[in-house]
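**Student:** What follows is a predicted protein model with its sequence.
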Amino acid sequence: MITDRCSTVIIIILAITLNKSYTFLMIIFLIGDISGHWLYMISSISSGGSSHKSIKEEMWPILKLYYSKKPLLFTLHACNEALWLILYGQGCIYDKATNLKQLNQIDKKFILVTSYSLYMILPLALIKNIINFVHLFYGCNIILETDVKERMKN
């Protein structure tokens, strides 16, 4: 999980450096990715879970669906990573051209193909990022419940 988070952070930061107009949105997604996974993992461990991917009865329905359907989990992850890679790739092309007239045919085709790809994967990448924030809120909820139970014992 740490390798996955670190590689995603690096890709997003590189994409931010090349796509300044999306900086705020990318930072929000970055915060959701890191904090959501971290808090969800910590809450899973502190509540006695063996893995943050374990499915529990009291789990919120969207998380049950997310973790019970491995093809869905893989597709959402792949689309999310592809989103950042495409934004980085497009940023590299735009960065080397001072204006759109300087783009050569290969660059134009790359931009065209990746733009169409973005439209196809964007909805799934957005769902993945929403799930990151669901992880965050669910993790907060679990930690709060665990804390309340501990205080009730004392």
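**Tutor:** Cool, got the structure.
**Student:** ok now do residue 9, which residues does it touch?
**Tutor:** The contact partners of residue 9, by Cβ atoms under 8 Å, 6 or more residues apart in numbering, come to 30, 33-34. For glycine as for every other residue, the C-beta is placed from the backbone atoms N, C-alpha and C.
**Student:** And it, how far from residue 117?
**Tutor:** Note on residue 9: its distance to residue 117, by Cβ to Cβ, to the nearest Å, is 22 Å.
**Student:** Adding secondary structure and pLDDT, write the contacts of residue 9 out as TSV.
**Tutor:** Shown next, in TSV, are these (DSSP: H, G, I helix; E, B strand; the rest coil; pLDDT from 0 to 100):
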residue	secondary structure	pLDDT
30	helix	91
33	helix	90
34	helix	91
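**Student:** residue ranges for the helices of this protein, please.
**Tutor:** 2-18, 23-46, 61-68, 70-96, 105-153 (DSSP state H).
**Student:** want to try TSV for the ones you listed, with distance to residue 55 as columns?
**Tutor:** Listed next are the helices of the chain as TSV, based on distance: least, Cβ to Cβ, whole Å:
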stretch	distance to residue 55
helix 2-18	20
helix 23-46	11
helix 61-68	5
helix 70-96	12
helix 105-153	13
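**Student:** Could you tell me the least trusted of the ones you listed?
**Tutor:** Ranked on mean pLDDT, the bottom entry among the helices of the chain is helix 2-18, at a mean of 85.
**Student:** Cool, thanks, signing off.
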